[in-house]
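Undergrad: next comes the sequence, and after it the predicted model I'd like to discuss.
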Amino acid sequence: MRGGLQLEPQQHGVIDQAFLQAHSHRIGGVDELQGVYLAGSWSKPQWLRLGDAEANRLVSSLHRTISIAVLDLRYNNISDNGTIVLAKLLKDPYTLTTLNLSYNNIGAKGAQAIAQAMHDNVSLQKLILSGNPLSNEGGVAISSMLLRNHALCDLDLGHCDLGLRGLVAVTTAAACHPNLITLCLDRPLLFCHEVRNAGEHVYRLLSSSTLHLHKLSLAHVGLRHDDTSRLCEALACNRTIRDLDLCCNQIAQDGAFALGKVLALDTPLRFLKLSRNQVKDPGVWALAAGLTNNRHLLTLALQSNEVTGEGLAFLERAMKRNNTLRDLYIWGNTLDNTACQARALFLCVDYAQHVSQSLSTDYVVFLSAVYV
């Protein structure tokens, strides 16, 4: 497949079969587009975004006439009614591999329509529904789809208003999915007393012997010390997770101690994101201690964790014994001016020596201006 179609918002009113065919490539006698990109934009007025009527027109133009691989309709005003029509594109013939419907107005009925259409779908590999109010009912519908559809590799349900029931349903289904590689469950709607229950189901997900997940995002979940410790118990034995996002939780130094022990075990984890937590200096010390014996981690994000120059000094010492970490994000911490300049210079010079020896130029220290 070659080529793609991208429209400015003011062109959305001209969507019809003749227009799409005029912008498609003819391959083997079949009109085929690599992608149709009709994403809205925050800088445009609401009336320039796609709604249900435009979704109907788009499906009428594409269905049975033009084969597409990517459909990007993010940041529009498509609701359940438009989604029910769009779900027809997931049925035979199966050509769509990526569907991005993030930040529309899709609720439970729209999620149910997509899930039902995907039960027998063998082509879709990436489904992005983030920023839609799917609620528990939508999450349960998606989980039932995961039990039947084994072609999906990438699922984004972040900021979808999932409650505990929806979150549990999705994690349970994902634990036995043979091909799911990426899962985003950012910002579910949980009461404080539900967070521990959610953390227990994440533990079961990561402990699954059939798990193939490489990337897991759990930002804005509300994880605390006990939840993080439980998660780390599973991570210690997990051999699939490469990228873990725990940003914007309530992880303090005790949780960082548990994560430091995981790093010391040299698990396959390569990207660890802890920005906007509360690990502070003691937590950084624990992470630094774990880094001294780690040979897999490539990126560590510690922005806005109330770390001072003393904590950064511990990271410096860890760098002397770690030759694999490439990216370190430390802006947004309470570092004095002298400490910032001295520590950043030390890190850059120290790794410049490593670069000259290994002929690698990938290491970067991300340090912002001083926060007073």
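TA: Received it, and whenever you're ready, just let me know what you need. Predicted, not measured: the structure shown is a model, and the values here were computed from it.
Undergrad: so which residues of the stretch 1-150 of the chain form helices?
TA: Shown for the stretch 1-150 of the chain, the helices assigned by DSSP state H, counting those that start in this stretch span residues 17-22, 52-62, 80-86, 108-118, 135-148.
Undergrad: any chance of these in CSV, plus mean neighbour count?
TA: (Glycine included, C-beta is placed from N, CA and C.) Written out in CSV, the entries for the helices of the stretch 1-150 of the chain read as follows (neighbours: other C-beta atoms under 10 Å):
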stretch, mean neighbour count
helix 17-22, 14
helix 52-62, 19
helix 80-86, 22
helix 108-118, 22
helix 135-148, 21
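Undergrad: looking at those, which is nearest to residue 204?
TA: Distances from residue 204 to each of the helices of the stretch 1-150 of the chain were compared using C-beta to C-beta; the minimum, 14.0 Å, belongs to helix 135-148.
Undergrad: low-confidence ranges, the chain, go.
TA: Under the criterion pLDDT under 70, the flagged ranges of the chain are 1-33, 41-47, 64-66, 336-372.
Undergrad: all strands of it, in order?
TA: In chain order, the chain shows strands spanning 5-6, 25-27, 30-37, 67-72, 98-100, 126-128, 154-156, 182-184, 215-217, 243-245, 271-273, 299-301, 327-329, 364-366, with DSSP state E as the criterion.
Undergrad: I'd say residue 139 and residue 160 touch.
TA: Yes. With contacts defined as C-beta atoms under 8 Å, residue 139 counts as touching residue 160 at a distance of 7.0 Å.
Undergrad: need the residues touching each of these two.
TA: Contact criterion C-beta atoms under 8 Å, 6 or more residues apart in numbering; residues shared by residue 139 and residue 160: residue 166.
Undergrad: follow-up on the earlier one: distance to residue 252 added to the helices of the stretch 1-150 of the chain, as a markdown table?
TA: Shown next, in a markdown table, are the helices of the stretch 1-150 of the chain (distance: least, C-beta to C-beta, whole Å):
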| stretch | distance to residue 252 |
| --- | --- |
| helix 17-22 | 53 |
| helix 52-62 | 45 |
| helix 80-86 | 40 |
| helix 108-118 | 35 |
| helix 135-148 | 29 |
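Undergrad: for residue 195, which of those helices is the nearest?
TA: Each of the helices of the stretch 1-150 of the chain was scored for nearness to residue 195 using C-beta to C-beta, and the closest is helix 135-148 (16.0 Å).
Undergrad: got the angle for the closest one vs helix 108-118?
TA: Using axes from the mean of the first three to the mean of the last three C-alpha atoms, to 10 degrees, the inter-axis angle of helix 135-148 relative to helix 108-118 is 10 degrees.
Undergrad: now do residue 196 against residue 164, distance only.
TA: Distance, residue 196 to residue 164, by C-beta to C-beta, to the nearest Å: 10 Å.
Undergrad: more neighbours, the two?
TA: residue 164 (19 against 15; other C-beta atoms under 10 Å).
Undergrad: the closest residue to the more buried one other than its chain neighbours: neighbouring residues, count only.
TA: Of all residues not flanking residue 164 in the chain, residue 194 sits nearest, at 4.5 Å (C-beta to C-beta, 6 or more residues apart in numbering). One way to gauge burial is a neighbour count; for residue 194, by other C-beta under 10 Å, it gives 17.
Undergrad: which residues does stretch 261-268 contact?
TA: In this structure, residues lying in contact with stretch 261-268 by C-beta under 8 Å, 6+ apart are 232, 235-236, 238-242, 269, 272, 286-287, 289-297.
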